[in-house]
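1. For reference, the sequence and a predicted model appear below.
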Amino acid sequence: MTIELKGRIDSNNASQVEKSILAQLEGKSREAVVLDAAALEYISSAGLRIILRIKKNCPDLRIVNVNSEVYEILDMTGFTEMMTVEKAYRVVTLDGCEEIGRGANGSIYRIDQDNVIKVYNNADALADIQHEREVAKLALILGIPTAISYDVVRVGDSYGSVFELLNARSFSKILAEEPEKMDFCVQEYVKMLKKIHETQVPAGKLPDMKETALSWARFMQDHLPGEAGKKLLALIEAVPHDDHMIHGDYHTKNLMLQNDEVLIIDMDTLAVGHPIFELASMFNSLVGYSELDHETIKRFQGFDYETGRRFWHRSLSAYLGTNCETKIREVEDKARVLGYTRMIRRSIRRKGLENEKTRAEIALWKEELLALLEKTDTLLFSLNELEIDAEEDRLQEVQAFVDEHLEAADCPVKAQMQIAVAVEEIFVNIASYAYVPEKGKAKVRVEVSDEPVSVTITFVDHGIPYDPVAREDPDVTLPASQRDIGGLGIFMTKQIMDDVAYEYKDGQNILTLKKRL
Amino acid sequence: MLNINKTIDEGKASYLLEGRLDTVTAPELEKELKASLDGISELTLDFEKLDYISSAGLRVLLSTQKVMTKQGKLKIVHVNETIMEIFEVTGFTDILTIE
């Protein structure tokens, strides 16, 4: 039963309107009553009281086609939370609009200088739009710079959500037009990626990527030899639950440079999980999808296959904090296991086996996947950065973390022990003095470089500014009776490491230790 | 992890240290020594099974050396190469009696 509301409803005509509505409802079912507000211009509190009274008898009352002024009134007065209120959608055409981005569930167009619109592939996209809006809000609150849509519009037969995005250029465009900005793009791409992966998400707010990956693996059981299929499932099963955020579709068209600010968009694939799942989809978008037909990436990202490969390799190296090829290759292979799994499944579901070109693609990916499954024992890898409570009893964890990276780099045992001494001195220093009497965190980063073979360990804390390097060295020639016990730790650190540098920046103590191996 | 194995015999004490002498374990050794140095004139610290020492460990050695200078002597034996290097850069080779 639909009842139309028209013009203005205020204290002048409220009782008439109410009578008219009651007359229309007379003898009708009170279920599924809809108030159509397409022609409603204004509603005062007298009008709102009518709606409340009707709602009492019609618990499922909905108001639809609400214009934005009326919507604002309903929103302010809490009506949008009490009942279903659907906005009237502005109609937008895309004639002559430039496509600036494309994601898994839709494409993004610029409609004017300040605004872009994401048009969803799915015609019945209102739920998707709502979902994306919610996850984008969540991400923003958790500190991820993103754009949140402020309006929903009709575009032909589908829906679009509108975002404000001023003068923004995607990283794909920058890479295609200004290849000399590769360094900048890698740096910002990895910075944002780390920020996303460092973000802890409250339980239950986002889907678990591991579950999704398990569903791919289950699908693959029919398309892989039994042993290989089982191994794939087991590898994914063994990835522990991780409550950190992953974007899910992190490619260069979804990263925007707006003036000097970097924004990540297309948030509908947001999930939680181990970063290996993210690396898999990054590999696909930058390399995997184009491995057979190198032109694919050009159509999608606008830059060529070589650029994609180089960008992927350099980003992975920066993300892992190493330029050790063995380590990069090792993690790349783990990402490829999941990447091929995902691509094969997607292609088969899209009837890829019925078409010659996609059949060749599936064959190639499957061959690679089988070879990888032979030699892969785990999908896990460790990042080169650890954030930990700056407390003395966490020292062992810090040491274990540093050792793991040094061992992976074949660091000689002696240097490893010396570095451990330096790490202990610095970490215990932070734990003892940086935050007293409060508590705080310390970040430890290990970077291994091939040329020259060296290791760099960086400590970052937000505590009281303190430059340990400036401390005067103790006189190590004095006899025991005259020796003071202070200052020995930082002195040893300076002796052990080839370079110790301190910097105070953005409210952080940053201490960098470097040793050639 | 630090295992301390001590033997005391008529004013002579010997400590066999095994594992790591670091921020976590140094206080254990310090406490152990404080409790039993009375009347000891010859103290031996055996480093044969010690893998690691940090400045927290060095501080215990320094304070022990100060006590022992007054009441007898301290010697450290079986020091491995890496720990020896730490002693060298910190000037501890000049302070301690190392065999």
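-> Sure thing, it's come through.
2. C-alpha only now, for contacts and for neighbours.
-> Noted.
3. And the contacts of the helix or strand bottoming out on mean pLDDT in chain B?
-> The weakest-scoring helix or strand in chain B, judged by mean pLDDT, DSSP states H and E, is helix B:92-95 (a mean of 85). By Cα atoms under 8 Å, 6 or more residues apart in numbering or on different chains, the list of residues contacting helix B:92-95 from outside reads A:476-477, A:479-480, B:84, B:87.
4. and if you look at stretch B:35-51?
-> Contacts with stretch B:35-51, where a contact means Cα under 8 Å, 6+ apart, come from B:10-21, B:68, B:71-80, B:83.
5. Could you pick out the residues of chain B near chain A for me?
-> Residues of chain B lying near chain A by Cα under 8 Å from any Cα of the partner chain: B:23-24, B:52-56, B:59, B:62, B:65-66, B:82, B:86, B:89-92, B:94-95.
6. Inside strands: which ones of the residues you listed?
-> Judged by DSSP state E, the subset of the residues of chain B next to chain A located in strands is B:52-53.
7. What is the burial count for A:Thr212?
-> With neighbours defined by other Cα atoms under 10 Å in any protein chain shown, the count for A:Thr212 comes to 14.
8. give me the beta-bridge partners of residue 6?
-> In the absence of a named chain, this looks at chain A. A:Ala39 (DSSP bridges).
9. could you do chain B instead?
-> Beta-bridge partners for B:Lys6, by DSSP bridges, are B:Tyr15.
10. Single out the residue in the stretch 51-200 of chain A that lies closest to chain B.
-> The stretch 51-200 of chain A approaches chain B most closely through A:Glu198 (29.2 Å), counting by Cα to the nearest Cα.
11. That residue contacts A:Asp243, correct?
-> No. Here A:Glu198 does not reach A:Asp243: they are 9.7 Å apart, not a contact under Cα atoms under 8 Å.
12. who's more crowded, these two?
-> Between A:Glu198 and A:Asp243, A:Asp243 has the larger neighbour count (other Cα under 10 Å), namely 22 against 15.
13. Can you name the residues of the stretch 301-450 of chain A sitting close to chain B?
-> A:392-393, A:414, A:417-418, A:421, A:424-425, A:428.
14. between the residues you listed, which is nearest chain B?
-> Checking these against chain B with Cα to the nearest Cα, the nearest one is A:Val421 at 5.3 Å.
15. Against which helices or strands is the longest helix along chain B packed?
-> In chain B, assigned by DSSP state H, the helix with the most residues is helix B:55-71. Where contact means 3 or more Cα pairs under 8 Å, 6 or more residues apart in numbering or on different chains; DSSP states H and E, helix B:55-71 is packed against helix A:488-496, helix B:26-36, strand B:73-77.
16. Hey, what's the angle from it to helix A:488-496? Just curious.
-> If you take axes from the mean of the first three to the mean of the last three Cα atoms, to 10 degrees, helix B:55-71 sits at 120 degrees to helix A:488-496.
17. Would you mark the buried spots in helix B:55-71?
-> Of the residues in helix B:55-71, B:55-68 count as buried by neighbour count, 16 or more other Cα atoms under 10 Å in any protein chain shown.
18. any idea of the angle it forms with strand B:73-77?
-> 140 degrees.
19. contacts for helix B:55-71?
-> A:421, A:425, A:480-481, A:485, A:488-489, A:492, B:21-23, B:26-27, B:29-30, B:33, B:39-41, B:43, B:73-74, B:96.
20. any weak-confidence spans in the stretch 1-150 of chain A?
-> Filtered on pLDDT under 70, the stretch 1-150 of chain A yields no residues whatsoever.
21. Any idea how many residues pack against A:Glu451?
-> A:Glu451 sits with 9 neighbouring residues when counted by other Cα under 10 Å.
22. brain fart, A:Phe184
-> 12.
23. what's the answer for A:Leu386, then?
-> A:Leu386 has 16 nearby residues by other Cα under 10 Å.
24. That one: which element?
-> strand A:385-389 (DSSP states H and E).
25. Show me what the helix or strand just after that strand is packed up against.
-> Downstream of strand A:385-389, the next assigned helix or strand under DSSP H and E is helix A:395-408. Where contact means 3+ Cα pairs under 8 Å, 6+ apart, helix A:395-408 is packed against helix A:413-429, strand A:441-449.
26. Including mean neighbour count and distance to A:Val460, could these go into TSV?
-> Listed next are the helices and strands packed on helix A:395-408 as TSV, based on neighbours: other Cα atoms under 10 Å in any protein chain shown; distance: least, Cα to Cα, whole Å:
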stretch	mean neighbour count	distance to A:Val460
helix A:413-429	21	10
strand A:441-449	21	5
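27. Can you redo these as a markdown table, where the extra columns are distance to A:Gln24 and mean pLDDT?
-> Below are the helices and strands packed on helix A:395-408 laid out as a markdown table (distance: least, Cα to Cα, whole Å; pLDDT from 0 to 100):
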| stretch | distance to A:Gln24 | mean pLDDT |
| --- | --- | --- |
| helix A:413-429 | 76 | 89 |
| strand A:441-449 | 66 | 89 |
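28. can I assume A:Glu218 is in contact with A:Leu233?
-> Rather than Glu, residue A:218 is Arg. Yes. Contact status for A:Arg218 versus A:Leu233: in contact at 7.1 Å, counting by Cα under 8 Å.
29. Thank you kindly, that will do.
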